[in-house]
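# one predicted model, sequence on top.
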Amino acid sequence: METSNNMNLLIVGAGHAGSELAVAARNGGWTGGITLLGEETALPYHRPPLSKAYLTGKSDAEAIALRPRSVYESANIDLRFGARMEAIDRVGHRISLADGSSLPYDKLALCTGGRPRPLACAGLPGIGAANLLYLRTMGDADAIRARLREGSRLVVIGGGYVGLEVAASARALGAHVTLLEAQPRVLARVAGAEVSAFYEAVHREAGVDLRTGVMVEGVEMAGDEIASVLCAGGERLPADLVVAGLGMLVNVEAARAAGLAQEGGIPVDEFSCTVDPDIVAAGDCTLQQSAHYRRELRLESVPNALEQARVAAAWLCGKPKPPTAIPWFWSDQYDLKLQMAGLSQGHERCILRGDPAKRSFSAFYLHGDRLLAVDAVNRPAEFMLAKKLLGQGCIAHSERLSDETVPLKELLTSA
Ligand code: FAD
């Protein structure tokens, strides 16, 4: 554990993790300078609304700020926005910036998140097309919003959470939406088949032309815009706008060049420390050793970014490690709040409690009688209970899990 004195803490990446780390370090007793440096120009903001309320215009930039400017000012946190780190000199304890300047650090925190994975297919010019958009930043959401109007033809490529949320928001705005997923089902990487089938049905009911098992082979251009998306099998889908939601690539180029990262992220230990004792890392850009799952994980979620940031801040301030939870996540589509706790990979059975037709149910993922994860749709109380017990290791009385006459708390017990 380190102790804070008048050292200077430089945090690179002003997203969920960076903003939290800055404030948590100050609140935790960091007495030296704190600089929060980020490439974007806006105050750090909530990213989840970008595909939800912000995209539909129900929320605005002010409403999605993580904290007002006054919070950083009163915590004496120096904000440097519109500044991009290019390289890390670990020996000289400096980072260099894209504008040619450099900044010193005593302790460095890397919270650089990720960027959208680009669409790779034949027929796309190297620089992309003016109406091929991705969604990671507020600027991306503004660009999509500017092109989405009643009757516009949107093709979403990718049936992960971002793609599905964009589809739901676009339907709310009256766009015609076609969603293409290469896998046999949506959410294939993160949810069980029952939950995928439910979301496919929900989107189709809402008017989305949702197609699974469809590979995009290329595009047809008209000037600098995509006129149609070409699918394997020969189908041609005319489009005014194409949004690709194909997952993300981690922003770790500088960290890799400095020997801190591999292609998949920056490895950190349980204290969010990297291999360099003067450098911590938090959020989407990290690879962590999960004690709970006994394997290396990269988690892309707000709760994880905040948790790792608080853990890093505590370590920097010489404070005990704050409690941590099992991985959890949420997604809002239409009137549905999906809350997920735990990781369902490797489950042997999925048991449903409640009725998908009534848009209220939980999917329990089991390995033997051990509960691995739960996906709860419009069931916050079941999510909360399962999340708490999952953290302690949880045995499920599987034969009765689907019986709603028995309270859930009688069916789940700590291992
Ligand atoms: P980010 O929030 O991405 O912040 C990283 C910051 O670092 C960025 O501002 C970036 O510009 C900056 N940066 C990168 N490289 C440099 C550099 N070299 N120099 C300077 N600055 C740099 N999670 C949920 O839990 N629930 C949801 O419902 C949900 N919905 C989402 C919807 C969308 C559309 C998206 C894109 C993500 C969603 N997520 C959701 C994921 C969640 O937003 C991320 O897990 C979270 O933002 C991770 O925080 P972070 O601080 O690690 O990274």
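It's in.
# dump the residue contacts of residue 395.
By C-beta atoms under 8 Å, 6 or more residues apart in numbering, the contact list for residue 395 reads 369, 370, 371, 412, 413, 414, 415. Placement of C-beta: from N, CA and C, glycine included.
# quick one: which of these sit in helices?
The helices, defined by DSSP state H, take in nothing from the contacts of residue 395.
# ok, those vs residue 239, which is closest?
Residue 239 has its nearest neighbour among the contacts of residue 395 in residue 371, at 42.5 Å by C-beta to C-beta.
# just checking, the closest one touches residue 397?
No: Residue 371 is beyond contact range of residue 397, at 10.3 Å (criterion: C-beta atoms under 8 Å).
# find residues that contact each of these two.
With C-beta under 8 Å, 6+ apart, residue 371 and residue 397 have common neighbours residue 412.
# more crowded one of those two?
Counting neighbours by other C-beta atoms under 10 Å for residue 371 and for residue 397 shows that residue 371 has the greater number, 27 against 13.
# how close does the more buried one get to residue 409?
Computed as C-beta to C-beta, to the nearest Å, the residue 371 to residue 409 distance reads 13 Å.
# least confident secondary structure element in the protein?
Least confident helix or strand, the chain: strand 412-414 with a mean of 84, by mean pLDDT, DSSP states H and E.
# near the ligand, which residues of the protein?
12-18, 37-40, 47-48, 50-51, 84-85, 111-114, 135-136, 162, 251, 254, 283-285, 300-303, 305, 329-331 (C-beta under 6 Å from any ligand atom).
# give me the neighbour count for whichever residue of the stretch 251-400 of the chain sits closest to the ligand.
Among the residues of the stretch 251-400 of the chain, residue 283 lies closest to the ligand, at 2.1 Å counting by C-beta to the nearest ligand atom. Neighbourhood size, residue 283 [other C-beta under 10 Å]: 33.
# quick one: it and residue 47 touch, right?
No: with contact defined as C-beta under 8 Å, residue 283 does not reach residue 47; the gap is 10.7 Å.
# list residues touching both of these two?
Contact with both residue 283 and residue 47 is made by residues 15, 16, according to C-beta under 8 Å, 6+ apart.
# ok, for residue 143, nearest residue in space, not its chain neighbours?
residue 133 (5.5 Å; C-beta to C-beta, 6 or more residues apart in numbering).
# that neighbour: how many residues sit nearby?
Residue 133 is flanked by 21 other residues according to other C-beta under 10 Å.
# give me every residue that touches it.
140, 143, 144, 147, 241, 242, 243, 244.
# ditto for residue 14
Per C-beta under 8 Å, 6+ apart, neighbours of residue 14: 36, 37, 38, 39, 40, 44, 79, 81, 111.
# check the secondary structure at residue 170 for me.
helix (DSSP: H, G, I helix; E, B strand; the rest coil).
# the helices in the chain, which residues?
16-27, 53-56, 69-74, 138-147, 161-172, 193-205, 253-257, 302-316, 380-392.
# any chance of the ones you listed in JSON lines, plus mean neighbour count, mean pLDDT and distance to residue 104?
Formatted as JSON lines, these follow (neighbours: other C-beta atoms under 10 Å; pLDDT from 0 to 100; distance: least, C-beta to C-beta, whole Å):
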{"stretch": "helix 16-27", "mean neighbour count": "26", "mean pLDDT": "98", "distance to residue 104": "17"}
{"stretch": "helix 53-56", "mean neighbour count": "20", "mean pLDDT": "97", "distance to residue 104": "36"}
{"stretch": "helix 69-74", "mean neighbour count": "13", "mean pLDDT": "98", "distance to residue 104": "20"}
{"stretch": "helix 138-147", "mean neighbour count": "17", "mean pLDDT": "97", "distance to residue 104": "30"}
{"stretch": "helix 161-172", "mean neighbour count": "25", "mean pLDDT": "98", "distance to residue 104": "37"}
{"stretch": "helix 193-205", "mean neighbour count": "18", "mean pLDDT": "97", "distance to residue 104": "49"}
{"stretch": "helix 253-257", "mean neighbour count": "17", "mean pLDDT": "98", "distance to residue 104": "16"}
{"stretch": "helix 302-316", "mean neighbour count": "25", "mean pLDDT": "98", "distance to residue 104": "17"}
{"stretch": "helix 380-392", "mean neighbour count": "18", "mean pLDDT": "91", "distance to residue 104": "40"}
